[in-house]
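Quick one: sequence plus predicted model below, questions after.
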Amino acid sequence: MADLVIEREILIEAPAEVVWRTVTEPDQMSQWFADRVELVVEPGAHGYMGFGDQGGPVVVETVDPPNRFSFRWNHPGGEEPVAGNSMLVEFTLTPEGGERTRLRVTESGHELRDWPEAEKERYADEHRGGWAEFLDRLAGLLAERQSG
Amino acid sequence: MTAQPDDELWSAIADPSRRRVLDLLVSNGGVSASWLAGRVPFSRQAVSKHLVVLEEVGLVSRRKQGREVLYHVVGDRLDEATRAMTDLAAQWDRRLDTIKRIAEATHAGAKEKKRRGPDPK
């Protein structure tokens, strides 16, 4: 089980094949993602994403057109990105009729490999909305305690 | 690389075990390392290491009370972390909005072309 950081989705008035090309083709990616995208859309392919004067390597993980595309990034330079040292960005495209696609993106981090099963389940319950909701809840709880 | 404002804060929170420690500290107020160790699925040494990391980034502070050292969450720092997460969510929302705009424009363009038939030579 991976550690869900964030999950967002959007409904797009276009068929999955069109959305797929927008999400995966490097010249289109550079319009919505990084300034510089060097990527071959093949599982295991190593690429690069540049953001202004910053940037870093990415490694493609899943390519399953037109439904699933994922890559790993934010791993230490020189190391092979695996679960535990990198973030996994995953796009899921779900057709809703012929002309509409639901696009979901998740970003997740560490694998909870060493945890006992019961703890993993509790963690999954607490983090269903990702860290954003988790931290929000903590901050709210703390404010409540401090004022009360 | 993803424009997060504070890399150290980010990597402190990136670890699920440390978030578990944070959660316990928020829910229970000032508690000791051994109290925490009794409530997490990892060792007492691991708890101490996580507390050091959380203290270094300013998310947790320690206070001596009698013979015990008690740990607390620093509210301002937690708020900063929460804002960083909100920013990340907003960043993905902007990206998804742009994908939507591009894909819908591409699709509308293709349909229009089909309606008009092939370009005359």
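Done, it's in. This one's a predicted model, so the numbers in the text were calculated from it and none came from an experiment. Residues are numbered from 1 along each chain as shown, chains lettered A, B, ... in the order given.

in the chain, which helix has the most residues?
Just so you know, I chose chain A. helix A:131-147 (DSSP state H).

think we crossed wires, I meant chain B
Longest helix of chain B, by residue count under DSSP H: helix B:75-116.

coming back round to it: residues making contact with the longest helix of chain A?
With contacts defined as C-beta atoms under 8 Å, 6 or more residues apart in numbering or on different chains, helix A:131-147 is touched by A:4-6, A:126-127, B:13, B:19, B:22-23, B:26-27, B:29, B:73, B:75, B:78-79, B:81-82, B:85-86, B:88-89. (Each C-beta comes from the backbone N, C-alpha and C, glycine too.)

Apart from its chain neighbours, what residue comes closest to residue 21?
No chain specified, so I'll use chain A. Once flanking residues are discounted, residue A:21 sits nearest to residue A:28: 6.4 Å by C-beta to C-beta, 6 or more residues apart in numbering or on different chains.

hm, I was asking about chain B
In space, residue B:21 is closest to residue B:50, 5.0 Å off (C-beta to C-beta, 6+ apart).

thinking again about what came up before, and the longest helix of chain A, how far out from the chain middle?
Distance, stretch centre to chain centre, for helix A:131-147: 24 Å (C-alpha atoms, centre = their mean, to the nearest Å).

between the longest helix of chain B and helix A:131-147, how big is the angle?
When axes from the mean of the first three to the mean of the last three C-alpha atoms, to 10 degrees is applied, the directions of helix B:75-116 and helix A:131-147 differ by 150 degrees.

Up against chain A, what does chain B have?
Taking C-beta under 8 Å from any C-beta of the partner chain as the contact definition, chain B meets chain A at B:1-3, B:13-16, B:19-20, B:22-23, B:26-27, B:29, B:41-42, B:73, B:75, B:78-79, B:81-82, B:85-86, B:88-89, B:92-93, B:95-100, B:102-104, B:106-107, B:110.

Buried by neighbour count, from those: which ones?
B:1-2, B:13-16, B:19-20, B:22-23, B:26, B:41-42, B:73, B:75, B:78, B:81-82, B:85, B:88-89, B:92, B:95-96, B:99-100, B:102-104, B:106-107 (16 or more other C-beta atoms under 10 Å in any protein chain shown).

Return the list of helices and strands in contact with the longest helix of chain B.
Packing partners of helix B:75-116 (3 or more C-beta pairs under 8 Å, 6 or more residues apart in numbering or on different chains; DSSP states H and E): strand A:2-12, helix A:16-24, helix A:26-32, strand A:101-111, helix A:131-147, helix B:7-14.

Just the angle for that helix relative to helix B:7-14, thanks.
Using the same axes, to 10 degrees, one finds that helix B:75-116 and helix B:7-14 are set 90 degrees apart in direction.

remind me which residues of chain B are low pLDDT?
For chain B, residues meeting the criterion pLDDT under 70 lie at B:1-5, B:119-121.

most centrally placed residue in it?
Centroid check for chain B by C-alpha atoms, centre = their mean gives residue B:85 as the closest residue, at 5.1 Å.

Excluding chain neighbours, give the residue nearest to it in space.
Leaving out its chain neighbours, the residue that sits closest to residue B:85 by C-beta to C-beta, 6+ apart is residue A:132, at 4.3 Å.
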